[in-house]
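Q: okay, predicted coordinates and the sequence, questions at the end:
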There are 2 protein chains.
Amino acid sequence: MKKTYSTQEIEKRLSEAGVQPTLQRIAIGQYVLCDADHPTAEDVLAWAEKKLMKISQATVYNTLNTLVEAGLARPFRFPHSDKVVYDSNLMDHFHFLDEKSGQVYDIAMEDIEIKVEMPKKYKIKSLDVVIKGEIKN
Amino acid sequence: MKKTYSTQEIEKRLSEAGVQPTLQRIAIGQYVLCDADHPTAEDVLAWAEKKLMKISQATVYNTLNTLVEAGLARPFRFPHSDKVVYDSNLMDHFHFLDEKSGQVYDIAMEDIEIKVEMPKKYKIKSLDVVIKGEIKN
DNA sequence: TCTAATATTAGAATAATTCTAAACTTAGAA
DNA sequence: TTCTAAGTTTAGAATTATTCTAATATTAGA
Ligand SMILES: [Mn+2]
Ligand SMILES: [Mn+2]
Ligand SMILES: [Zn+2]
Ligand SMILES: [Zn+2]
């Protein structure tokens, strides 16, 4: 469901976005853009520690901000948590939040039909939809 | 546009919600439920200071949480800020966020037509819609 | 009036994130 | 291949929003 990039491709994406591809940025980039799903800074740090990568907390935050500024990820806040979540899905899409687990799922725009009728003076730039509920299976 | 309640009515609303109507709660209740529009804890504190009311920061936070627990207000987080915003509009409604000013406007559900088509296993409990943009006039 | 329950408060604590300034790495010029 | 300037990483301090602690004050009702 998620695109996979080789280390070389990640490096290329960083370079092309004007970001110097350091070891830390490539590693975090690979995790955030390919492997993880809506991770927080804390998630990235935990993953780095598990892999014995000794990347500092400051670098995790710096790199996440760099990825956002470079347009490679987008930050979101959800109602259940005060941590910022990083989204590598650059398509326009919405979110389903499983209130039980706190897990966030992407919803393709095709699955939602939305029509906004508003007075002309409201100039719409973007739309965030968060559906809260539970997944039963 | 916003319902006004007298001090007595606020007191009654608190009591009926099982909340002891202390002086501080009545004052904050009146501000949050009638006068203010999507205020933050900081806004409430600033208003209290302006009115020379000496209500402590802890009481502001306690009271806002009490109002939420009593079902008299709802907390929201918006993308532009990490402060919780308290909403006294208990109807189902959406939000327009003016990116210039940070001001939040209510959008009646009638102004938006939304139809969600999702696999049966997603049990929807609620829906948050935030429209970001600018108000030009 | 007394008392137990509840609310308020100042200040300490916590949690997420940013800042600071020193050490390290890198890219590219010489 | 140096050398150097620009850019990056880092530990730890700072900042911000919010919660906790535990002492004091208020309240409702017997
Ligand atoms: Mn996570
Ligand atoms: Mn505000
Ligand atoms: Zn997403
Ligand atoms: Zn609202």
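A: Yep, that arrived. Keep in mind it's a predicted model, so treat the numbers as computed, not measured. Numbers count the residues shown, from 1 in each chain, chains lettered A, B, ... in the order given. Ligands and ions are numbered 1, 2, ... in the order given.
Q: for chain A, what spans make up the strands?
A: Applying DSSP state E to chain A gives strands spanning A:74-77, A:84-87, A:93-98, A:104-108, A:112-116, A:122-135.
Q: in a markdown table: those, plus mean pLDDT, mean neighbour count and distance to residue B:129.
A: C-beta: built from backbone N, CA, C; applies to glycine. Output for these, formatted as a markdown table (pLDDT from 0 to 100; neighbours: other Cβ atoms under 10 Å in any protein chain shown; distance: least, Cβ to Cβ, whole Å):
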| stretch | mean pLDDT | mean neighbour count | distance to residue B:129 |
| --- | --- | --- | --- |
| strand A:74-77 | 96 | 15 | 14 |
| strand A:84-87 | 98 | 20 | 18 |
| strand A:93-98 | 96 | 19 | 9 |
| strand A:104-108 | 94 | 16 | 13 |
| strand A:112-116 | 89 | 13 | 8 |
| strand A:122-135 | 95 | 16 | 5 |
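Q: okay, now the sheet partners of the least confident helix or strand in chain A by mean pLDDT, with direction.
A: Per-element confidence for chain A was summarised using mean pLDDT, DSSP states H and E. The lowest value among helices and strands belongs to strand A:112-116, with a mean of 89. Sheet partners assigned to strand A:112-116 using DSSP bridges are listed as strand B:112-116 (antiparallel).
Q: could you dump the partner strand to PDB, C-alpha only?
A: Listed next in PDB are the C-alpha coordinates belonging to strand B:112-116 (Å, rounded to 0.1, in the frame of the first residue of the first chain):
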ATOM      1  CA  ILE B 112     -21.700  21.400   3.700                       C
ATOM      2  CA  GLU B 113     -23.000  18.300   1.900                       C
ATOM      3  CA  ILE B 114     -20.900  15.300   2.900                       C
ATOM      4  CA  LYS B 115     -21.400  11.700   2.100                       C
ATOM      5  CA  VAL B 116     -19.000   9.100   3.400                       C
END
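Q: show me what the residue in chain A that ligand 2 sits nearest to is bridged to.
A: Using Cβ to the ion, the point where chain A gets nearest to ligand 2 is residue A:77, with a distance of 16.0 Å. Here residue A:77 sits in beta bridges with residue A:84, as judged by DSSP bridges.
Q: if I read this right, it contacts residue A:86, doesn't it?
A: No - under the criterion of Cβ atoms under 8 Å, residue A:77 is not in contact with residue A:86, lying 11.0 Å apart.
Q: not counting its neighbours along the chain, what's nearest residue A:107?
A: Once its chain neighbours are removed from consideration, residue A:107 has its nearest residue in residue A:94; the separation is 4.3 Å (Cβ to Cβ, 6 or more residues apart in numbering or on different chains).
Q: so which residue is smack in the middle of chain A?
A: Central residue check for chain A by Cα atoms, centre = their mean: the C-alpha nearest the mean position is that of residue A:87, 1.3 Å away.
Q: my guess is that residue meets residue A:72, correct?
A: No - with contact defined as Cβ under 8 Å, residue A:87 does not count as touching residue A:72 (10.4 Å).
Q: from residue A:48, how far off is the residue lying closest to residue A:81 once chain neighbours are set aside?
A: In space, residue A:81 comes closest to residue A:102 once its chain neighbours are excluded; the distance is 6.6 Å by Cβ to Cβ, 6+ apart. When distances are taken as Cβ to Cβ, to the nearest Å, residue A:102 and residue A:48 turn out to be 21 Å apart.
Q: so between these two, which is more surrounded?
A: residue A:48 (20 against 10; other Cβ atoms under 10 Å in any protein chain shown).
Q: got the contact list for the closest residue to that one other than its chain neighbours?
A: Distance criterion Cβ to Cβ, 6+ apart; nearest residue to residue A:48, sequence neighbours excluded, is residue A:55 at 4.5 Å. For residue A:55, the residues meeting the contact criterion (Cβ atoms under 8 Å, 6 or more residues apart in numbering or on different chains) are A:24, A:27, A:28, A:45, A:48.
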